[in-house]
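S.K.: Sequence first, then the predicted structure, then my questions.
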Amino acid sequence: ECKLWKSRVNKSHIITLQGIVADVGADRGFLFSESGFQSGGEKMAGVSNVTLVTSLADFVATAHADVAAGTPQLSKASGAEGAPPVLLLPGEKPRPQHIINYQDLLVVGDWGAGTIFFIHPDERKVTGKIDLDKYEAVKPGGERKIRSYVPGSFVVAGKKLFLAQVFSDYVLAVDLPTYSIVKRIPIPGGGEGSLTATADGDYVFFASNKSNALYEINANTYCVTGFTYPAGGRGSMSIALSPDEEAVYVGVQRGYTSDDAGRPSGGCFLSKFDRSSRAFSDSVPLYDVNSGAADSSIPACILPDPDSNRIYIGLFQGRRGVMVVEPDPLKIVNSFSYGPNEHNQHFDWVDPLAMKFHHGRILAIFRNNRELVAMDPRSLEVNERTFLGDAPNGPQDLTILGNQVVITYPERHGLIILDWGADRSKDLN
């Protein structure tokens, strides 16, 4: 609000603006008055999320300085022998996790700083950022510390970014043109889970890892509707829309109820939510059986194929590796097991955490093997491998921007960018 007054503004106007900010779920309000504010108003603003501005010129200069400080050039660090270099994110110890592309930018979630970065890959420059909410933590000795929530899954819907804020109670809605948090959407169980959105940007779906339900969010009104997972279903870390957007596929971590006497219940499964009937209509178990019990595998990523009408699923902690499911009805038609390589000394499985189609092949992150692989969609056989460097916990996620494959590697503190045309992959120098 702007007050072109001869007298100083009193605290009642700060209280009113604070109420408006709370009603719309905004991050902050600004009250401009070059005549100043009464002392009661200044005290009120000091304990609220309303900023008082007495000089428009100073405010503009400060805003420009903040933008300049938040858009550093990114530096490049070389990798170990045989590994590609990494584009380092800003900050003391960045840990990039989830990544998507928006227009010609990369959108990267950094667990190290509790920040979303918008990055121009060719210019190697941060063009914008969003700092997530803070919270107060008190150590056993009474020491007070302010910490940041961390970014989980996020997705673009129209001109908004919907972001699951992990360890908080909210999914955030961010206005992309201004990088502003415009709404905090309370979700039962909080912001741990996975997001997807319709192509028209009208609806966002959130598969909760805590409250055992799928939530439909109207991206315009922020109205939330919940649908409980099939009986026994618990937790999720993967979600995808069908190519025709008539169904939502949810990878449920535990609790499948088996009607087969020879198959124990309790493992992970893929479930199909029918948008027309607004109910879960079908499920298929994905787990292996070891010593008479379901294994500990979890569906980590879901990749529907619009051409073959099949669904590819990467299993975390699963020896079956990648599975192929037909949608109507849900039925497993193929799976392929991938063994450890020389960089994987601790696990029998590879953890395909992320998969994308590119030039007729599936590109996948094999976290435990520290590699990016290219697979044949029909046979699931690997026909090309790229070592990504050896660091704790391995690479996490990938996105494709043109002919560039961009990979997040948390413990290498940045992004690996590979030039991957139709012929082969090579390092981008």
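M.R.: Alright, I've got the coordinates. Numbering: from 1, shown residues only.
S.K.: can you give me the helices in the protein?
M.R.: Counting by DSSP state H, one finds helices in the chain at the ranges 11-24, 39-46, 56-69.
S.K.: which of those has the lowest average pLDDT?
M.R.: Sorting those by mean pLDDT places helix 56-69 lowest, at a mean of 52.
S.K.: ok, now which ones touch the most centrally placed residue in the chain?
M.R.: Centroid check for the chain by CA atoms, centre = their mean gives residue 153 as the closest residue, at 2.0 Å. By CB atoms under 8 Å, 6 or more residues apart in numbering, residue 153 lies in contact with 98, 163, 164, 193, 194, 195. (C-beta placed from N, C-alpha, C; glycine too.)
S.K.: of those residues, closest to residue 9?
M.R.: residue 163 (34.2 Å; CB to CB).
S.K.: so how many other residues sit close to the closest one?
M.R.: By the measure other CB atoms under 10 Å, the count of residues near residue 163 is 26.
S.K.: ok, it to residue 6 distance?
M.R.: Going from residue 163 to residue 6 by CB to CB, to the nearest Å gives 43 Å.
S.K.: go on, residue 319?
M.R.: In terms of CB to CB, residue 319 sits 76 Å off from residue 6.
S.K.: Neighbour count for these two, which is higher?
M.R.: Remark: of residue 319 and residue 6, residue 319 carries more neighbours, 17 against 5, as counted by other CB under 10 Å.
S.K.: Tell me the confidence at that one?
M.R.: In this prediction residue 319 is given a pLDDT of 89.
S.K.: Tell me who's in contact with it.
M.R.: 288, 295, 297, 337, 348, 349.
S.K.: As JSON lines, those with distance to residue 217 would be great.
M.R.: Shown next, in JSON lines, are the contacts of residue 319 (distance: CB to CB, whole Å):
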{"residue": "288", "distance to residue 217": "34"}
{"residue": "295", "distance to residue 217": "33"}
{"residue": "297", "distance to residue 217": "29"}
{"residue": "337", "distance to residue 217": "37"}
{"residue": "348", "distance to residue 217": "38"}
{"residue": "349", "distance to residue 217": "33"}
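S.K.: Using ChimeraX, define a selection of the buried residues within these.
M.R.: Restricted to buried positions by 16 or more other CB atoms under 10 Å, the ChimeraX selection for those reads:
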select :288,295,297,349
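S.K.: ok, of the contacts of residue 319, which one's closest to residue 202?
M.R.: residue 297 (33.9 Å).
S.K.: How much space separates that closest one from residue 398?
M.R.: In terms of CB to CB, residue 297 sits 21 Å off from residue 398.
S.K.: for residue 122, same thing?
M.R.: 18 Å.
S.K.: And those two? Which one has more around it.
M.R.: Higher neighbour count among residue 122 and residue 398: residue 398, with 22 against 11, using other CB under 10 Å.
S.K.: Pretty sure that one sits against residue 99.
M.R.: Yes. In this structure, residue 398 is within contact of residue 99 by CB atoms under 8 Å, at 7.0 Å.
S.K.: shared neighbours, the two?
M.R.: 406, 407, 408.
S.K.: Dump the residues you listed to JSON lines, plus distance to residue 281.
M.R.: Formatted as JSON lines, these follow (distance: CB to CB, whole Å):
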{"residue": "406", "distance to residue 281": "36"}
{"residue": "407", "distance to residue 281": "35"}
{"residue": "408", "distance to residue 281": "34"}
